[in-house]
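S.K.: quick check, what structure comes out for this input:
(one chain, ligands or ions: 1)
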Amino acid sequence: MIASSSLQSWLKCGSDNNLARVISLEFRRGRSKRFGSKMRFRNALGSRLFQWCSRENHTSVRKLLEVDGTSERSKLLKKVSVLMGYSNAQDLVEQQRARRESATELISVFKEIDFPEISAKFPCIKIGDASPIDLYEDSTNMTCKETVLSENLTNFIRGSGGNLKTAYEFPNECHPLRQTPTTADDASITEETSLMAHHISQEPAVDKEARPESLADAKTSDNSMLDKSIKCLPGTTSRQYRQLEDGGFHTVRKLLQHFPRTYADLQNPQGPIEDGQYIMLFGTVISSRGIKVKSTLGFLEVVVGCSIVETELSSSVKSSHSDAEQKTIHLHLKKFFSGTRFSSQYFLNCMSAKHKEGDLVYVSGKVKKALANGHYELKEYTIDGLEGEGEQSSMLDRRPHPIYPSKAGLKPNLLGLSISRALKLLTPDVDPMPPDVLVEFNLPNLFDAYMGIHKPKDRNEADFARRRLIFDDFFYLQLGRLFQMLEAVGTRVEKEELLYKCKNHELNTVGVDDWSPLTKKLLKALPYSLTPSQLNAVKEIIWDLRRPVPMNRLLQGDVGCGKTIVAFLACMEVVSSGFQAAFMVPTEVLAVQHYEHLTSLLNKFDGDDKPNIALLTGSTSTRESRIIRNGLKTGDIAMVIGTHSLIADKTDFSALRISVIDEQQRFGVVQRGRFNSKLYTSSSKLSDENASSDEASDSETFMAPHVLAMSATPIPRTLALALYGDMSLTQIMDLPPGRQPIETLALEGNDAGFKTVFQMMRDELKDGGKVYLVYPIIDESEHLPQLRAATAEFDSIKEKFEGYPCGLLHGRMRSDEKDEALSSFRSGETRILLSTQVIEIGVDVPDASMMVVMNAERFGIAQLHQLRGRVGRGERKSRCIFLASTPSTLPRLKVLEKSADGFYLANADLLLRGPGNLLGKKQSGHLPEFPIARLEIDGGILQEAHHAALKVLAASNDLALYPRLKVELSMRQPLCILGD
Ligand SMILES: Nc1ncnc2c1ncn2[C@@H]1O[C@H](COP(=O)(O)OP(=O)(O)OP(=O)(O)O)[C@@H](O)[C@H]1O
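M.R.: Predicted coordinates:
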């Protein structure tokens, strides 16, 4: 019957308390006395409404009273309640009850308080003698509110001729006038009006220009506005508030951090519109109607008129401007509804009332030419209302129009509207960032950034704003990390030293001469000398190990570059100073390999100062693992290499000082973090005589172990920087000398392809080489008949390559079988190893010289690069052949022929997966903390943020000079990375 939004606004204005009370009362009366209440209700409601209606001369209100004789009372109740912003009458009643209860509670609390006693205890508190206070919580927000307030008042006084929709956008909670007791009766409207007028006349005029100057006094203003509840958003109905809350938008900040997914260009296109074209146009609603076709079918038709410039395009000559013709086209947006409920005329009317004649809207969708010229039909479309003055003017200015993604079922329109409301509350002094940082790094202030991202004047402004918001994400992350580190060190001198190190980390290394005796011995035992990168890595790590702060370092280097020995040397340094080391790897095969490798090196030591090392995996027998765990607890074992068993609850260390995590990306954050729970006590050092090299102060009782994470997965430096902090990244850039490039071939796995490959294998074997055959699956599968399986091909390969013994290795084999298979291959007992991708990580057989990967398209590029890294680890020339199942998958594999650079390949992989995936789950899953940053392109901002954080901390180690920054830092979620 009525659904006028202006009536809704009217009802929501000063009178809603009273109206709500009437409805609530009548509703309950009607419940207890079902009959005869309708008349009384209508009379009571009617008298109120007529009273207000005559005052306002509001025709829509009159319509409300035209309740036809057959209309049910409950329906009327519901309608009025919904118009007032409640979901139904029941909801309204409950809210009324809750309000009354809280008021009663408050009164009873006051009754219970013994004021004289309190006064005696706290003489400074004067009961009943409070000085007059502002109507607003904080006067800094006053300026904005006032502007809105005065406009509202003017509109109100002008009557319904003004924009009623914006005139009463104060929710109860923060409407300045709702501060009056709820018991005020309806006469309060006039009182409120006069009070409002009085209040405004008392306030000094707002000097908008003067606002930025208040910024100078950054300490007195605060950024808490951002963390206020969305309850304070002007104009938010209780329903919208609930919806926003349910969607996770609890604070103004959360809302403002919901960034537009794109901006619509409000310049309508030039040129004729084709049938089937996807258009994005803005226009004006010409009509909106809901049509009932039959009892179970109805549709909504909104006609939007759009003005476009149609040019006469000739095929060869570009039309001149004078040929352009302004033309109005009509878009018929049709939405069908089925089912009795949704095809009722009432429902359809409600739907059609959402779009009013003259509304400015933004329409996107695929058009279909209708019969009439200049008319188009759209059945799948989105229509965004451009409500509010701001947006209308942005339309006229041709500003980019923000298009918001929906979230948690919340419509983009509601989000956009709420964000606009939140922006109205923002004041320029919301920014906690020190002004000199803004100047130095050429950043807008936070107020301008939020304005710029949500209401940009042009794309450049949006870009500039985006830069600031990304900067903030990185800045607080870096600031948090550095701040934490500084907290951990004691004296000011140490803090400064640490900061100095952050700036000049290349200076902080420990030369070989200063390494501990055990480390030097291991270095001497190596059959090769370290590459410059390896040497530098060890020097950096040892410097860190001598700090009283836990190290958190990522050692990164391409496959086969020799990370393992760097980690071994670091472990020896720790063991040498009387502590324990743990080396965790993702697979048993790798654990055994590392254990054997280290044992063979230690066996070269002369004398009896060999450290006691152990291997602990899931396959270690119960008896043996009990002995090992006991040895770790007592300190008899100085170093342990193993799998997840190392972080089992029952594994306790006596003095764990370093935990190395190989292929760290294979472990979760939680698993990595569990090492930190294995604290050590400095008092329980295994031996004290070597402890001199360790500078850990005796006063420190507990410290989390140093963490050295290793990864061959090439992640961009910027990403590493973001995750691990600048000072904690070491890269090995060079490969050991004598390595030859691996010859890579991608071939189609057809008969000809296999013939070539088998011939190459024969040549290789004849030449004394060893061959890996890698299969995607272990057993043949009915569902994937095109895939070759390791076990299924074992016999045929054996037959084909008679005289060359074959081995088999896959994940379903027992641990000892796997070790056996690998050591036979290593020793040369077997020359061909049929395997699955278990060998992908870390397997090191230096003289393996050829690899053939079956159904190679089943693997990712980065994975294939890792697999390929299993060959070419010695001085022998190696080959790798990728066999594709179909010709169409060959081009992707050919990328590997061209490059052996892990970084290049990782990027190529990213691009080949398509830009759609760049921001897909996989990517954003990595960095949920950065909603808008794209590390591939925003790395520069990250560097700047890092420098800014260093600068701020250098000026004030404990942020005492920047209290607002400290508050802001605490408001942001601390990150939990690598064992933090
Ligand atoms: N400086 C060096 N000179 C010669 N050979 C080296 C050197 N450093 C390491 N190696 C050898 O290179 C091979 C690969 O080393 P390592 O297993 O440590 O590589 P990695 O970086 O861990 O590779 P992956 O990521 O594949 O596990 C080993 O056989 C190792 O003995």
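
S.K.: summarise which helices and strands the longest strand anywhere in the chain is packed against.
M.R.: Longest strand of the chain, by residue count under DSSP state E: strand 278-294. Strand 278-294 is packed against strand 297-310, strand 325-338, helix 345-353, strand 360-366, with contacts defined by 3 or more Cβ pairs under 8 Å, 6 or more residues apart in numbering; DSSP states H and E. Backbone N, C-alpha and C define where each C-beta goes, glycine included.

S.K.: so which of these is nearest the ligand?
M.R.: The ligand sits nearest to strand 360-366 of all the helices and strands packed on strand 278-294, at 48.4 Å, using Cβ to the nearest ligand atom.

S.K.: check which residues of the closest one are buried.
M.R.: By neighbour count with 16 or more other Cβ atoms under 10 Å, strand 360-366 contains the buried residues 360-365.

S.K.: what's the average pLDDT for that strand?
M.R.: Mean pLDDT, computed over strand 360-366, is 80.

S.K.: quick check: buried residues in the helix or strand where Gln593 lies?
M.R.: Element membership for Gln593 (DSSP states H and E) is helix 588-602. In terms of neighbour count (16+ other Cβ under 10 Å), helix 588-602 has its buried residues at 588-596, 598, 601-602.

S.K.: cool, and stretch 463-476?
M.R.: Neighbour-count burial for stretch 463-476, counted by 16+ other Cβ under 10 Å, picks out 464-476.

S.K.: of the residues you listed, just say which sits nearest to the ligand.
M.R.: Phe474 (28.9 Å).

S.K.: quick check: pLDDT value at the closest one.
M.R.: 81.

S.K.: what packs against the helix or strand containing it?
M.R.: Using DSSP H and E, Phe474 sits within helix 459-488. Helix 459-488 sits against helix 446-454, helix 492-503, helix 935-955, helix 963-971, with contacts defined as 3+ Cβ pairs under 8 Å, 6+ apart.

S.K.: before we move on, back to that, need the buried residues of helix 588-602 in a markdown table with distance to Leu545, can you?
M.R.: As requested, the buried residues of helix 588-602 are exported to a markdown table (distance: Cβ to Cβ, whole Å):
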| residue | distance to Leu545 |
| --- | --- |
| Glu588 | 28 |
| Val589 | 29 |
| Leu590 | 24 |
| Ala591 | 23 |
| Val592 | 27 |
| Gln593 | 25 |
| His594 | 20 |
| Tyr595 | 22 |
| Glu596 | 25 |
| Leu598 | 18 |
| Leu601 | 20 |
| Leu602 | 20 |
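
S.K.: least trustworthy helix or strand in the chain by mean pLDDT?
M.R.: None of the helices or strands of the chain scores lower by mean pLDDT, DSSP states H and E than helix 164-167, at a mean of 27.

S.K.: as CSV, the buried residues of helix 588-602 with pLDDT and distance to Ile881 would be great.
M.R.: As requested, the buried residues of helix 588-602 are exported to CSV (pLDDT from 0 to 100; distance: Cβ to Cβ, whole Å):
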residue, pLDDT, distance to Ile881
Glu588, 86, 28
Val589, 86, 23
Leu590, 88, 25
Ala591, 92, 30
Val592, 91, 28
Gln593, 90, 25
His594, 93, 29
Tyr595, 94, 32
Glu596, 92, 29
Leu598, 94, 33
Leu601, 93, 34
Leu602, 92, 38
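
S.K.: how about the residues of the chain near the ligand?
M.R.: Selection of the chain residues close to the ligand by Cβ under 6 Å from any ligand atom yields 528, 530-531, 534, 557, 559-565, 712, 736, 842, 844, 846, 869, 873.
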